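*Asks:* the sequence and its predicted three-dimensional model are supplied below.
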Amino acid sequence: MDVNGRQFKKFLERKNSLSQYQNEFAEKKQHAKGKLSARERIELLFDPDTFNEIDGFSRTAAADTKFGKMVDAYGDGVIIGHGKILGRTAFVYSQDFTVMGGSLGSVHADKIMKIQDMAMKMGAPMIGIIDSGGARIQEGVASLAGYAGIFKRNVQSSGVIPQISVIMGPAAGGAVYSPSITDYVFMTNGTSYMFVTGPNVVKEVLNEDVSFDDLGGANVHMKKSGVAQFVYEDEENTLLGVKKLLSYIPSNNLENPPIVESIDRNIGIEEKLRDIVPDDTNKPYDVKDVIRLIMDKESFFEVAENYAQNVVVGFARLMGKTIGILANQPKVLAGVLDINSSIKGARFIRFCDCFNIPILTLEDVPGFLPGIDQEHSGIIRHGAKLLYAYADATVPKITVILRKSYGGAYCVMNSKNLGGDFNFAWPTAEIAVMGPEGAVSILYRKELIESDDPAKLKKELAVKYRDEIANPYVADEKGYIDEVIDPAETRRKLIFTFEALENKHISSPSRKHGNIPL
Ligand code: HXC
């Protein structure tokens, strides 16, 4: 084709008009709100010069209603395409708030569905950058139908390719449900918010005053609702967070996670681990110190850091290979399992199992949280989620009991009979139906009532109970623990044991799907 010819000129004119509208105009409007444009976000997310846009010239559907104004915009308010992130293919859609508030009309929805189908077909992560007022009001039912099509694809892709949602502005109405089906939700503090109905509707219906941030800001969803797992202070760092997450996980359910060249080749003894668990069994410590000493240096990437902090979940590497970690946190509520921590843990275990990520459980849990509030809010059915997720997971699973392992919590936390492949205990482990004080009070009730010095007797009996029952050796002798190990050799043990599990294969009975207690 002649580069000076009419056809080529027209091609260039179209391309320039597109970039002028989408770049200059959009950037100005977004920057004024402290946000980046849809295209700038893509540029930050993908490796330089690797992004390929498709359907950039698609046009807004002609309105079949006379109500409301419609902008006839190229692209219809969303950019879709594919490129490389850290050298691996990923697919993206990025909504443009400057086109009718990033609202979702039929063409906009068709584009998102198209890229979702491609990601699924190609077995690559699907990333949605959301900045949207929800269903486009002018397009009526076509917008709602569009959302339904996106949700269906989210569900079909679940467990096949990683799906990540990045909220970088409003996610209102229909815009919230796709993220909540996807594996992880990222938000930027101060400029993003998510709600099904906004402050105006809350005021109208309930006569309550609430700000955008207090109703559905990043902190609310990180700390209270658990909807968002990652929050960063600006958009640039949010996108860096997405890249970091991708570095731990495979592109699809048929691949293994990427292996990085381990900078930490140490497989020796870590003596500091011997001193972490305090002698006083009721004294807290930070389980993240244990994680850092066991895993490759600087490799721990925590998920949902500020939600249900009595359980810690996240990814780390062992000799460069990704491991999913679930650990009770004695520093928060003594590491007890309650409703929120059970749900947080269960969701994480499910993700690891979908994507071939071996699971390490570090256990120090006094039991499930008692109380009217927990019972009435359904600790039974929510606690069952964690139990179900562990029992159902077929990836390699190792447990190390650091200290407390009492009652139902013993069973739930990947115990041997639930399907733990290797179960280790530190000498500080206390494994029993219940803690010494509770057990002694039940078994020796009469003796304690009749005693002249019940406090002294209780103390003596508790020591005896610990010596005879609540220790790791009884479980070791019965095979419920495979080995009591020196804490200092934990890293070494885990490296060799996860290696031994690399070819683990379990075939499950044929069924449509299990019925997890949702
Ligand atoms: C069409 C929309 C829109 C929408 C915003 N706009 N939302 N157009 N459909 N859903 C347009 C505005 O008219 C405006 O156009 C431009 O986008 C920017 O919006 P502003 O309101 O000026 O911006 P801002 O003050 O930043 O407020 C953003 C907002 C607000 C909080 C998102 O626009 C808002 O409350 N929108 C409606 C949100 C909502 O209720 N969505 C639910 C839809 S129902 P101009 O021309 O003035 O620039 C739904 C159900 C689906 O989604 C259910 C599926 C399960």
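*Replies:* Yes, it's here.
*Asks:* isn't Val311 right next to Ala346, touching?
*Replies:* No: counting by CB atoms under 8 Å, Val311 stays clear of Ala346, with 10.1 Å between them. All C-beta spots, glycine's among them, are computed from the backbone N, C-alpha and C.
*Asks:* the two: which has the busier surroundings?
*Replies:* Using other CB atoms under 10 Å as the criterion, Val311 and Ala346 rank with Val311 on top: 28 against 24.
*Asks:* need the contact list for that one.
*Replies:* By CB atoms under 8 Å, 6 or more residues apart in numbering, the contact set of Val311 is Leu326, Ala327, Asn328, Gln329, Gly335, Leu337, Ser341, Lys344, Gly345.
*Asks:* ok, it to the ligand distance?
*Replies:* According to CB to the nearest ligand atom, to the nearest Å, Val311 stands 30 Å off from the ligand.
*Asks:* then Phe300?
*Replies:* From Phe300 to the ligand the distance is 36 Å (CB to the nearest ligand atom).
*Asks:* for the nearest residue to that residue once chain neighbours are set aside, what are phi and psi?
*Replies:* Ranked by CB to CB, 6 or more residues apart in numbering and with sequence neighbours excluded, the top spatial neighbour of Phe300 is Ala316, at 4.3 Å. Per-residue torsions, Ala316: phi -150, psi 180 (degrees, to the nearest 10).
*Asks:* who's Ala316 bridged to?
*Replies:* In this entry, Ala316 is beta-bridged to Ile323, by DSSP bridges.
*Asks:* next, count neighbours for it.
*Replies:* The number of residues packed near Ala316 is 21, by other CB under 10 Å.
*Asks:* up against the ligand, what does the stretch 1-150 of the chain have?
*Replies:* Residues of the stretch 1-150 of the chain lying close to the ligand (CB under 6 Å from any ligand atom) are Met100, Gly101, Ser103, Gly133, Gly134, Ala135, Arg136, Ile137, Gln138, Leu144, Tyr147.
*Asks:* if we go to 8 Å?
*Replies:* For the stretch 1-150 of the chain, the residues in contact with the ligand (CB under 8 Å from any ligand atom) are 33, 68-69, 71, 97, 100-104, 132-138, 143-144, 147-148.
*Asks:* what do you get for the stretch 151-300 of the chain?
*Replies:* 151, 169-170, 172-175, 177, 197-198, 200-201, 212.
*Asks:* what about those residues, which are in helices?
*Replies:* Phe151, Tyr177, Asn200, Val201, Phe212 (DSSP state H).
*Asks:* helix, strand or coil for the residue in the stretch 251-400 of the chain that the ligand sits nearest to?
*Replies:* Taking CB to the nearest ligand atom, the ligand has its nearest neighbour within the stretch 251-400 of the chain at Arg347, 21.2 Å off. Here Arg347 is helix, with the state taken from DSSP: H, G, I helix; E, B strand; the rest coil.
*Asks:* how about Val277?
*Replies:* Taking three-state DSSP, the label given to Val277 is coil.
*Asks:* also Leu144?
*Replies:* Secondary structure, three-state DSSP: Leu144 is helix.
*Asks:* residues contacting it?
*Replies:* Leu144 sits next to Ala135, Gly174 when contact means CB under 8 Å, 6+ apart.
*Asks:* now do it against Gly87, distance only.
*Replies:* Here the distance between Leu144 and Gly87 works out to 39 Å (CB to CB, to the nearest Å).
*Asks:* surely Cys354 touches Gly159?
*Replies:* Yes: look at Cys354 against Gly159 with CB under 8 Å: they come within range, at 4.0 Å.
*Asks:* these two: who's more crowded?
*Replies:* Higher neighbour count among Cys354 and Gly159: Cys354, with 20 against 16, using other CB under 10 Å.
*Asks:* and the more buried one, how close does it get to Tyr232?
*Replies:* Going from Cys354 to Tyr232 by CB to CB gives 25 Å.
*Asks:* what of Leu418?
*Replies:* Leu418 sits at a distance of 36 Å from Tyr232 (criterion: CB to CB).
*Asks:* and for Ala308?
*Replies:* In this view, Ala308 and Tyr232 are 20 Å apart by CB to CB.
*Asks:* which of the two has more neighbours?
*Replies:* Neighbours per residue, other CB under 10 Å: of Ala308 and Tyr232, the larger number sits with Ala308, 22 against 18.
*Asks:* the more buried one is in contact with Asn340, isn't it?
*Replies:* Yes: the pair Ala308 and Asn340 passes the contact test of CB under 8 Å, sitting 3.8 Å apart.
*Asks:* where do the contact lists of the two overlap?
*Replies:* Both Ala308 and Asn340 are contacted by Gly226, under the criterion CB under 8 Å, 6+ apart.
*Asks:* where does Met1 land on pLDDT?
*Replies:* Met1 is assigned 62 on the pLDDT scale.
*Asks:* nope, Gln22 is what I meant
*Replies:* 65.
*Asks:* chain neighbours aside, what residue packs nearest to the closest residue to the ligand within the stretch 401-518 of the chain?
*Replies:* Per CB to the nearest ligand atom, Leu518 is where the stretch 401-518 of the chain lies closest to the ligand, at 18.3 Å. Closest residue in space to Leu518, ignoring its immediate chain neighbours: Lys385 at 7.7 Å, by CB to CB, 6+ apart.
*Asks:* so the one you found sits in a strand?
*Replies:* No: assessed with three-state DSSP, Lys385 is helix; it does not lie in a strand.
*Asks:* for the stretch 1-150 of the chain, which segments count as strands?
*Replies:* Assigned by DSSP state E, counting those that start in this stretch, the strands in the stretch 1-150 of the chain fall at 52-54, 78-85, 88-95, 126-132.
*Asks:* mind listing what's buried in the shortest one?
*Replies:* Of all the residues in strand 52-54, those buried under the rule 16 or more other CB atoms under 10 Å are Glu53.
*Asks:* kind regards, and thank you for your time.
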